[in-house]
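Chemist: Turn this into a structure:
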Amino acid sequence: MLPAQKFSELLGELDRLDRLPHSNSALQNRGHNILGALLRHAGYSSGAIWLQGPVSRSLLLAARTPDFECPSELSRTLPLRILDRSGNGESEEWSRDYETMQPAPHTLVPLRRNETPLGLVALRRDQDEIDGGTLELLEAAASYLSMLLTAQRMADEAREGDFQLKYRLWELESLYDIGLSIASTLDQQELSDEILIRTISLLNARRAALYLRKGEQYEMFRSFGEVRGQFFGSEIDPDSFSGLLKNQSPIRLSEGADCLFPGCETLIAVPVATATEMVGVLAVADKELRDGGVGGFDEKDVRLLQQFATQAAMALENARLHKDALEKQAIERELELAATIQRDILPRTIPTFPGMEIEVLARPARQLGGDYYTFIEREEGMSLCVADVSGKSVPAAILVSALHAALQLLFDEGRELGEIATELNRHIHHWSSETKFITLILATIDRENGLIRYVNAGHNPGYLVPPGGSLEILHSHGLPIGLMSDSRYSVQTRPLPAGSLITFYSDGITEADDETGDEFGSERLEALLLREHAAPVKSIRSSIDAAVQEFVGGAPQRDDQTLVLVRV
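Modeler: Presented below is the predicted three-dimensional model:
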């Protein structure tokens with residue numbers, strides 16, 4: 001057969017390579033077809049072919065005849081031209097680079113495109129001699145094959161790029177769908193289960209665990225599969241754990257990584273972080289392959305898990321904020337209930353007593369206050385109490401309730417003021433903590449005998465302004481209630497002429513401060529009482545309130561304010 005006919009048939013057979021199916025075995029398919037075509041049309045009996053792999057720059061064995069022993073990979077430089085061993089002996093270049101092939105080939109055909117190696121064909125014939133037409137045929141075939149392999153490689157790269165683009169689009173669509181799914185869940189328990197289910201599905205993992213931050217540690221919150229330790233850092237080497245915490249670097253372990261999950265083979269762990277803080281760690285182990293085996297996680301898996309963890313962080317933060325909001329609402333409802341109870345403790349309206357004019361100012365600094373006042377009708381006249389409980393909010397409100405209950409019982413027993421204060425002190429000291437106490441002033445107005453009897457237990461001084469305009473101060477003469485268990489209290493008595501003004505208040509009045517920290521002070525209050533003592537008590541109350549508000553200006557109210565005015 002003429003060389004031209006051989007060449008035509010060879011090219012026709014090689015041309016069919018472009019129509020071979022592209023799959024994971026494309027390298028072997030091409031190799032077998034190229035080697036078979038050359039053996040049939042060039043007169044060789046055995047040989048092998050190496051082609052450039054899809055990832056490695058080395059030449060990988062694609063096909064060989066059964067009687068040809070050769071290495072599975074070639075990493076050395078290809079010869080620049082076809083090498084043929086004749087009966088005259090072997091060249092130094094031949095024996096140095098290809099001495100491992102057995103039996104030794106007669107001809108080496110390099111496949112290259114400019115400086116890019118594409119493959120190598122090693123051929124062996126039954127006789128040593130070869131005619132020149134065969135070498136020309138091989139040279140032409142090598143040129144055509146090099147062009148064909150270059151075109152196929154470019155097509156493969158284009159297909160791979162298209163696959164990567166579609167895969168990336170699938171990733172984004174999956175992340176979007178997953179984001180919508182987990183964002184609709186605000187219960188932290190349900191959300192955590194949903195995150196783990198989605199993680200396993202997304203990465204084909206067998207096991208997964210979610211760790212959430214608790215103080216300075218990351219505690220296991222939910223898992224699919226047994227976990228070795230309760231805390232993430234206890235099962236990861238310190239360097240990897242430090243890199244994850246400081247730099248938010250993902251952890252990827254393989255080759256039988258025995259960590260987090262008992263007996264796991266491969267693992268990746270990524271931080272679950274918002275824009276401001278790291279809230280947890282998401283870990284998966286053992287990527288399941290189609291044949292049921294376990295494979296390693298690659299960079300695409302790490303990137304995908306990191307992107308998902310970002311969405312999970314936002315969902316977890318939303319769930320936490322929702323939980324905090326619910327807890328805050330519950331606390332606010334409880335505080336509102338407590339405030340309602342406390343408002344019911346205080347007089348709803350100003351009581352009416354014959355021959356007395358009474359005005360009250362009560363302004364708590366918070367929803368629950370620590371100030372207390374009450375009025376009690378007795379045989380000898382009207383009794384009243386103004387008190388200030390130490391502390392704020394719920395603890396102070398509880399102590400106010402205890403004070404109210406005990407005070408009502410003691411007054412109902414008909415005891416005199418000193419006994420009431422002494423028994424109240426014993427009761428409060430026994431049932432409250434050491435840091436809790438009450439300052440109070442108890443007073444009874446005996447209008448018939450023109451007297452005021454009072455006990456001042458560590459409270460602000462009261463003021464008595466008779467019609468003449470002089471100011472008498474009702475000083476404290478005992479320790480606050482609840483401070484010492486054995487405190488005893490005596491009653492003080494003062495004359496109470498008709499027309500006298502009695503003023504009791506809490507320290508929220510005199511200690512109200514402005515934006516510079518200066519306090520309103522007792523001097524301003526005393527001067528105002530002396531100036532307006534003859535005015536109606538309602539007018540005096542308004543004047544004191546206006547003076548305090550004008551003084552503090554835009555400064556916030558820091559303490560409860562209580563003021564009780566009585567004109568006999």
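
Chemist: Does Pro497 touch Pro467 like I think?
Modeler: Yes - the criterion here is C-beta atoms under 8 Å, and Pro497 meets it with Pro467 at 6.2 Å. C-betas here are computed from N, CA, C, even on glycine.

Chemist: Any idea how many residues pack against the nearest residue in space to Glu69 that is not next to it in sequence?
Modeler: Nearest residue to Glu69 in three dimensions, chain neighbours excluded: Gln102, at 4.4 Å (C-beta to C-beta, 6 or more residues apart in numbering). Gln102: 10 surrounding residues under other C-beta atoms under 10 Å.

Chemist: tell me the contacts of Ala269?
Modeler: 232, 236, 244, 250-251, 260, 281-284 (C-beta atoms under 8 Å, 6 or more residues apart in numbering).

Chemist: And the nearest residue to Gln561 once chain neighbours are set aside, how close does it get to Asp131?
Modeler: Of all residues not flanking Gln561 in the chain, Gly508 sits nearest, at 3.8 Å (C-beta to C-beta, 6+ apart). Distance, Gly508 to Asp131, using C-beta to C-beta, to the nearest Å: 118 Å.

Chemist: From what I see, Ser390 and Leu403 are in contact.
Modeler: No - assessed by C-beta under 8 Å, Ser390 is found out of contact with Leu403, at 11.5 Å.

Chemist: any shared contact partners between these two?
Modeler: The contact lists of Ser390 and Leu403 share Ile438, where a contact means C-beta under 8 Å, 6+ apart.

Chemist: In terms of packing, which of these two has more residues around it?
Modeler: Leu403 (24 against 18).

Chemist: Got the confidence number for that one?
Modeler: Note on Leu403: pLDDT of 86.

Chemist: pretty sure it is in a helix, no?
Modeler: Yes - under DSSP: H, G, I helix; E, B strand; the rest coil, Leu403 falls within a helix.

Chemist: Which SSE is immediately downstream of the host helix or strand of Ala330?
Modeler: In the assignment (DSSP states H and E), Ala330 maps to helix 299-345. Scanning forward in sequence from helix 299-345 by DSSP H and E, the next helix or strand is strand 357-363.

Chemist: what bridges to Ala209?
Modeler: Ser223, Ala283 (DSSP bridges).

Chemist: show me what contacts it?
Modeler: 196, 220, 222-225, 227, 260-261, 282-283.

Chemist: residue ranges for the strands of the stretch 451-568 of the chain, please.
Modeler: For the stretch 451-568 of the chain, applying DSSP state E, counting those that start in this stretch gives strands covering 451-457, 462-465, 472-474, 492-495, 501-505, 561-567.

Chemist: May I see these organised as JSON lines, with mean pLDDT, mean neighbour count and distance to Gly36 added?
Modeler: Below are the strands of the stretch 451-568 of the chain laid out as JSON lines (pLDDT from 0 to 100; neighbours: other C-beta atoms under 10 Å; distance: least, C-beta to C-beta, whole Å):
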{"stretch": "strand 451-457", "mean pLDDT": "95", "mean neighbour count": "22", "distance to Gly36": "112"}
{"stretch": "strand 462-465", "mean pLDDT": "96", "mean neighbour count": "22", "distance to Gly36": "117"}
{"stretch": "strand 472-474", "mean pLDDT": "95", "mean neighbour count": "16", "distance to Gly36": "119"}
{"stretch": "strand 492-495", "mean pLDDT": "95", "mean neighbour count": "14", "distance to Gly36": "123"}
{"stretch": "strand 501-505", "mean pLDDT": "96", "mean neighbour count": "25", "distance to Gly36": "110"}
{"stretch": "strand 561-567", "mean pLDDT": "94", "mean neighbour count": "24", "distance to Gly36": "103"}
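
Chemist: Would you mind telling me which of those is nearest Pro347?
Modeler: Ranking those by their distance to Pro347 (criterion: C-beta to C-beta) puts strand 561-567 first, at 10.3 Å.

Chemist: Show me what that closest one is packed against.
Modeler: Counting contacts by 3 or more C-beta pairs under 8 Å, 6 or more residues apart in numbering; DSSP states H and E, strand 561-567 packs against strand 357-363, strand 371-378, strand 381-389, strand 501-505, helix 507-510, helix 537-552.

Chemist: Mind listing the strands that strand pairs with, and their directions?
Modeler: With DSSP bridges as the test, strand 561-567 pairs up with strand 357-363 (antiparallel), strand 501-505 (antiparallel).

Chemist: Report the beta-bridge partner residues of Gln217.
Modeler: Lys214.

Chemist: And Val270, by the same measure?
Modeler: Those that pair with Val270 in a beta bridge, by DSSP bridges, are Leu282.

Chemist: does Ala421 count as helix, strand or coil?
Modeler: Criterion first, three-state DSSP; result for Ala421: helix.

Chemist: Now do the contacts for it.
Modeler: By C-beta under 8 Å, 6+ apart, the neighbours of Ala421 are 440, 442, 455, 457, 478, 481, 489.

Chemist: Leu61 too?
Modeler: 31, 48-50, 70-73.

Chemist: so after the lowest-mean-pLDDT helix or strand in the chain, what's the next helix or strand?
Modeler: When each helix and strand of the chain is scored by mean pLDDT, DSSP states H and E, helix 92-97 comes last, with a mean of 54. Next along the chain after helix 92-97, taking DSSP H and E as the criterion, comes strand 107-113.

Chemist: and for that next one, what are the contacting residues?
Modeler: Contacts for strand 107-113 (C-beta under 8 Å, 6+ apart): 38, 44, 51, 78-85, 94, 98, 117-125, 130, 135, 138, 141-142, 145-147, 149-150.

Chemist: Mind giving me the ChimeraX select for the residues you listed, buried ones only?
Modeler: Buried subset of the contacts of strand 107-113, written as a ChimeraX selection, criterion 16 or more other C-beta atoms under 10 Å:
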select :38,44,51,78,79,82,83,84,85,94,98,117,118,119,120,121,122,123,124,125,130,138,141,142,145,146,149,150
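
Chemist: Filter the contacts of strand 107-113 down to just the ones in helices.
Modeler: 38, 94, 135, 138, 141-142, 145-147, 149-150 (DSSP state H).

Chemist: Adding distance to Gln188, write these out as CSV.
Modeler: Formatted as CSV, those follow (distance: C-beta to C-beta, whole Å):
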residue, distance to Gln188
Leu38, 67
Trp94, 72
Leu135, 76
Leu138, 71
Ala141, 68
Ala142, 67
Leu145, 62
Ser146, 62
Met147, 62
Leu149, 57
Thr150, 57
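
Chemist: Give me the lowest-pLDDT entry from the residues you listed.
Modeler: Trp94 (56).

Chemist: Please identify the buried residues of stretch 227-239?
Modeler: 227, 232-233, 235-236.
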